[in-house]
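here's a sequence, model it:
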Amino acid sequence: MEKANASEAGLEEVSDGVYLATLATGERASVKLWRIDPGAELPVHEHENEQIGYVLEGRLIARADGEEVRLDPGDCYRFPSRECHGAENRSSEPAVGIGVLAPPRERPDWGDA
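Residues are numbered from 1 along each chain as shown. Just a heads-up that it's a prediction; the model follows:
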């Protein structure tokens, strides 16, 4: 068994105001901790990984295939493989959540940090 603690995960800035940390990686999936600062944007992108997540704190506007959806604490979301998606934090508080990607995903290639 492997154990990880979110408070000890080293968040890495992967784009301006967007941070990711890997909590666990297996053969078929990976778990990420993410944080998006107020005013920051997760660039619109796509990948072959299916992505399922949960918002722990804060609020986001998720973009998927041209639509905007508000995500609040307690909301769960899913982006199918190859769906164009991104997010923006229009609030005054950081947004924090967990994402599961299958197959596992390493550092995104869209970062500019």
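
report the central residue of this protein.
Trp34 (4.9 Å; Cα atoms, centre = their mean).

my guess is that residue meets Leu20, correct?
Yes. The criterion here is Cβ atoms under 8 Å, and Trp34 meets it with Leu20 at 5.4 Å. (Each C-beta comes from the backbone N, C-alpha and C, glycine too.)

ok, now which ones touch the closest residue to Lys32 other than its chain neighbours?
Closest residue to Lys32 apart from its sequence neighbours, by Cβ to Cβ, 6 or more residues apart in numbering: Gly99 at 4.5 Å. Gly99 makes contact with Val31, Lys32, Trp34, Gln51, Ile52, Gly53 under the criterion Cβ atoms under 8 Å, 6 or more residues apart in numbering.

and the pLDDT for Gly99?
The confidence metric pLDDT takes the value 96 at Gly99.
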